[in-house]
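dropping a prediction and its sequence here:
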Amino acid sequence: MLIFRQLFDPQSSTYTYLLGDSVSAKAILIDCVFEQSKRDIALLKELELTLIATLDTHVHADHITGAWLMREAWSSDIAVAKTSHASNADRYLVEGDQMAFGQHYLEVLATPGHTDGCLTFVLDDLTMAFTGDAILIRGCGRTDFQQGSSKNLFNSIRNKIFNLPEQCLLYPGHDYRGLTVTSVREEKLFNPRLGGNISENDYAVYMHNLDLPHPKKINQAVPANLMCGKPDTARVETDDPNWAMLRFSFAGIWEIEPRVLEELTGAYQLLDVRSQSEFNGPLGRIRNAQLIPLDQLAARSNELDPGIPVILVCRSGARSTQALLLLQRQGFNKIANLAGGMLRWRAEGFQTENSEY
Ligand SMILES: N[C@@H](CCC(=O)N[C@@H](CS)C(=O)NCC(=O)O)C(=O)O
Ligand SMILES: [Fe+2]
């Protein structure tokens, strides 16, 4: 089965696409964003997928690719267009190349115009295509920098993308209004720039008069993307917590595994947010746990020291997630949720106090 996710970066309005094969658990990412790497890694892990490659549709001008960071995390191949002239890639793609992931593959179409190295990736059964910034939903990529050419883009869209089956779904590299997907048929009929019978000349005039400001990050993004997102410094500065080995979840929560908590040596506050009766009940509690039930936490958070990490626990991990968000709003930033709560702690055989079985 094909696994498919469309992900969004709100800062640059970029779509990242995850495509995976459920049989082999192999996955690829199209147009991943540097700042979203933590999120993308969390999702791949939660879906139990292995990233084998990142693909970029072009050298982006508005954001930095996450390709390099992903290769650091997964040893995944970096694939870019041969015509991108980017360094540090593992595969340089030309039209007709296939990128396999398990039982599926994407085929490469060269669709220059927005930049001279733009690629569209077409799924093996022609039901989906990832067009980058060639065609956008009822729009298209600008053609006023990076060797952009309205003539080339007109040709790429009219003679390549519009030659895909009419029902083929088109997934763009960006959308600035929150639209997510379109189809070849829809864009042929309704694209205001080059749908219907609009001539190449009308299109060129339209593009010439777009008058868009340059992307704000163009001066950092283009050179970084020509290096496939390799940072200048040897170490990437992050604000990731360093007080314990934590795992970032796709839900956006830092979690601590029971085994890591058991072995944690530094100072921490273990906060149990269940009710008093549960705290004294048959499931028991973890040694040194301090009780503040969730419904009292807002009023009693001053009993905690914000300078010392707080680990939150409840029965299954749900209430403690709520508690975590509440403390975060109050300015606590060294904070983690015990994954799976007391139930998992016990299931994995770790010791409890006061339990009845
Ligand atoms: N305002 C955005 C830039 C938006 C932009 O120029 N997007 C490019 C894609 S990289 C484009 O082709 N836009 C076409 C359009 O908005 O019609 C920023 O500062 O990052
Ligand atoms: Fe672009």
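Done, it's in. Ligands and ions are numbered 1, 2, ... in the order given.

near ligand 1, which residues of this structure show up?
12, 61-62, 114, 133, 139, 141-142, 174, 176, 212, 215-216 (Cβ under 6 Å from any ligand atom). From N, CA and C alone the C-beta is placed, and that goes for glycine too.

name the member of those with the most neighbours.
Neighbour counts for the residues of the chain next to ligand 1 were taken using other Cβ atoms under 10 Å; the highest belongs to residue 114, with 31 neighbours.

contacts only, for the closest residue to that one other than its chain neighbours.
The shortest distance from residue 114 to any non-neighbouring residue, by Cβ to Cβ, 6 or more residues apart in numbering, is to residue 141 (2.9 Å). Neighbouring residues of residue 141 by Cβ atoms under 8 Å, 6 or more residues apart in numbering: 113-115, 118, 132-135, 148, 153, 173.

now do the helices in the protein.
Ranges of helices in the chain, per DSSP state H, are 37-46, 67-74, 150-159, 184-190, 200-208, 218-225, 258-262, 276-279, 294-300, 319-329, 341-347.

columns mean pLDDT on top of those helices, output as a markdown table?
Output for the helices of the chain, formatted as a markdown table (pLDDT from 0 to 100):
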| stretch | mean pLDDT |
| --- | --- |
| helix 37-46 | 98 |
| helix 67-74 | 98 |
| helix 150-159 | 98 |
| helix 184-190 | 98 |
| helix 200-208 | 95 |
| helix 218-225 | 97 |
| helix 258-262 | 97 |
| helix 276-279 | 97 |
| helix 294-300 | 98 |
| helix 319-329 | 97 |
| helix 341-347 | 97 |
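
re earlier: next, give phi and psi for the residue nearest to residue 114.
phi -70, psi 150 (degrees, to the nearest 10).

let me know the pLDDT of it.
Residue 141 carries a pLDDT value of 98.

now for the residues of the chain next to ligand 1: which two are most distant?
By the measure Cβ to Cβ, 139 and 216 form the most distant pair in those, at 19.2 Å.

so what's residue 96 closest to, chain neighbours aside?
In space, and not counting its chain neighbours, residue 96 is closest to residue 108: 6.5 Å by Cβ to Cβ, 6+ apart.

report how many residues lie close to the one you found.
Neighbours of residue 108 under the rule other Cβ under 10 Å: 21.

what's the domain layout of the protein?
2-225, 247-347 (automatic domain parsing).

quick one: end-to-end length of the longest one, please.
So the one you mean is domain 2-225. One end of domain 2-225 to the other measures 29 Å (Cα to Cα, to the nearest Å).

now do that domain: distance to the chain's middle.
Counting by Cα atoms, centre = their mean, to the nearest Å, domain 2-225 is centred 14 Å from the centre of its parent chain.

before we move on, what about the last one?
The gap between where domain 247-347 is centred and where its chain is centred comes out at 27 Å by Cα atoms, centre = their mean.

residue 27: what's it in contact with?
By Cβ under 8 Å, 6+ apart, the contact set of residue 27 is 3, 18-21, 44, 47, 49-52, 101.

what comes into contact with stretch 145-154?
For stretch 145-154, contacts defined as Cβ under 8 Å, 6+ apart pick out 58-59, 61, 111-116, 134, 140-143, 194, 200, 203-204, 207-208, 214, 218, 222.

from what I see, residue 60 and residue 225 are in contact.
Yes. Using Cβ atoms under 8 Å, residue 60 is in contact with residue 225, at 5.4 Å.

intersection of neighbour lists for those two?
When Cβ under 8 Å, 6+ apart defines a contact, no residue borders residue 60 and residue 225 alike.

can you give me the buried ones in stretch 3-15?
3, 5, 7-9, 12, 14-15 (16 or more other Cβ atoms under 10 Å).

same thing with stretch 195-202?
For stretch 195-202, the neighbour count (16+ other Cβ under 10 Å) marks residue 195 as buried.

start and end of it, how far apart?
11 Å.

contacts for it, please.
The contact list for stretch 195-202 (Cβ under 8 Å, 6+ apart) reads 151, 154, 187-190, 206.

filter these down to the buried ones.
Buried subset of the contacts of stretch 195-202 (neighbour count, 16+ other Cβ under 10 Å): 154, 187-188.

between these, which is nearest residue 309?
Set against residue 309, the nearest of these by Cβ to Cβ is residue 187 (51.4 Å).

measure the closest residue in space to residue 63 that isn't next to it in sequence to residue 341 for me?
Residue nearest to residue 63 in three dimensions, not counting chain neighbours: residue 12, with 3.9 Å by Cβ to Cβ, 6+ apart. The gap separating residue 12 from residue 341 is 37 Å, by Cβ to Cβ, to the nearest Å.

before we move on, back to that, which among the contacts of residue 27 count as buried?
3, 18-21, 44, 49-52, 101.

pretty sure the residue nearest to residue 96 is touching residue 94, no?
Yes. Assessed by Cβ under 8 Å, residue 108 is found in contact with residue 94 at 6.8 Å.

ok, residue 113 - how many residues close by?
Neighbours of residue 113 (other Cβ under 10 Å): 25.

now residue 118
Residue 118: 30 surrounding residues under other Cβ under 10 Å.

check what pLDDT it gets.
Note on residue 118: pLDDT of 98.

report the contact partners of the closest residue to it other than its chain neighbours.
With sequence-adjacent residues excluded and distances taken as Cβ to Cβ, 6+ apart, residue 118 is closest to residue 58, at 4.4 Å. Applying Cβ under 8 Å, 6+ apart to residue 58 gives the contacts 81, 84, 114-115, 117-119, 132-133, 146, 173.
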